[in-house]
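Undergrad: Need a 3D model of the sequence below.
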Amino acid sequence: MDKNGNSLAIASVPCQKWKSTYDPQTSLKKGTVFPELNMPFFKADDSDEIPSGKGSADGKNPEQEEREALMAKIDEAGFVVNDLTLYLDTHKEDEEALRMFEEYANRKVMLMKEFAEKFYPLSQNCMVLCGKEMKTFSWTDGPAPWEGACI
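TA: Residues are numbered from 1 along each chain as shown. Take a look at the predicted model:
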C-alpha cells in the first residue's frame, strides 16, 4: 500500500493442475518436475547444459565412474521427491502425484542402499539399510559428495 492506503498491486496465483512431468534427469537440470513451471528469465537460461565442475570423465577409473553415475541417480530421484513434496503440500489427494512420489521415494531409498553396499553410507539411515553387520559407528567412512568423491 502507498502512504494513502491505496493498493499498488494485487497478486493472483492460479492453482497448479497436474499435467505432464519431465524425466528425473531433465527435472534436475531444469529445476522443476513440471514443464509448465519452467519459465526461465532469459532464453539462454533454458539450456539443457549444466556447467561441469571439473573436466570430463576421461581418465577416471571404472569405480569412480560408477560412483558418480549412482550419485547422479540419487540426486535426480531426490529432486523429484522434493519437488513433488511441494506440489503435494497443496494437492494432497492427487493420485498421480502420490503414485509418482511413492515410486521416486522408494527409488531413492533403493539407490542409497545400493550406494552404501558398494561404496559407503551417505546418511545414518544407510548404515541400517545396507544390511552389513555394524562393528563401528561409521556413517562417515566415505567422503561426503562435496569432498571430491563425486565430481
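Undergrad: by contact count, what packs against the longest helix belonging to the chain?
TA: Criterion DSSP state H: the longest helix present in the chain is helix 62-90. In terms of contacts (3 or more Cβ pairs under 8 Å, 6 or more residues apart in numbering; DSSP states H and E), helix 62-90 is packed against helix 24-30, helix 95-118. Every residue, glycine included, has its C-beta placed from N, CA and C.
Undergrad: Convert the C-alpha atoms of the shortest one to PDB, please.
TA: Read that as helix 24-30. C-alpha atoms of helix 24-30 as PDB (Å, rounded to 0.1, in the frame of the first residue of the first chain):
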ATOM      1  CA  PRO A  24      14.300 -37.200 -13.400                       C
ATOM      2  CA  GLN A  25      17.400 -36.100 -15.300                       C
ATOM      3  CA  THR A  26      15.700 -33.200 -17.100                       C
ATOM      4  CA  SER A  27      13.900 -32.200 -13.900                       C
ATOM      5  CA  LEU A  28      17.100 -31.700 -12.100                       C
ATOM      6  CA  LYS A  29      18.600 -29.800 -15.000                       C
ATOM      7  CA  LYS A  30      15.500 -27.500 -15.400                       C
END
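Undergrad: got the buried residues for it?
TA: P24, S27, L28, K29, K30 (16 or more other Cβ atoms under 10 Å).
Undergrad: In the protein, where is pLDDT below threshold?
TA: For the chain, applying pLDDT under 70 flags the ranges 1, 12-13, 42-59, 127-151.
Undergrad: Next, find the distance separating K108 from D94.
TA: K108 is 20 Å from D94, where distance means Cβ to Cβ, to the nearest Å.
Undergrad: Looking at the two, which is more packed in?
TA: K108 (21 against 17; other Cβ atoms under 10 Å).
Undergrad: returning to what we had before: which of the helices and strands packed on helix 62-90 sits most buried?
TA: Stretch with highest mean neighbour count among the helices and strands packed on helix 62-90: helix 24-30 (a mean of 18; mean count of other Cβ atoms under 10 Å).
Undergrad: Buried ones in the longest helix of the chain, by neighbour count?
TA: Buried residues in helix 62-90, counting neighbours by 16+ other Cβ under 10 Å, are found at 67-68, 70-71, 73-81, 83-84, 87.
Undergrad: Just name the closest of these to D2, please.
TA: Distance ranking of the buried residues of helix 62-90 against D2, using Cβ to Cβ, places Y87 first at 35.5 Å.
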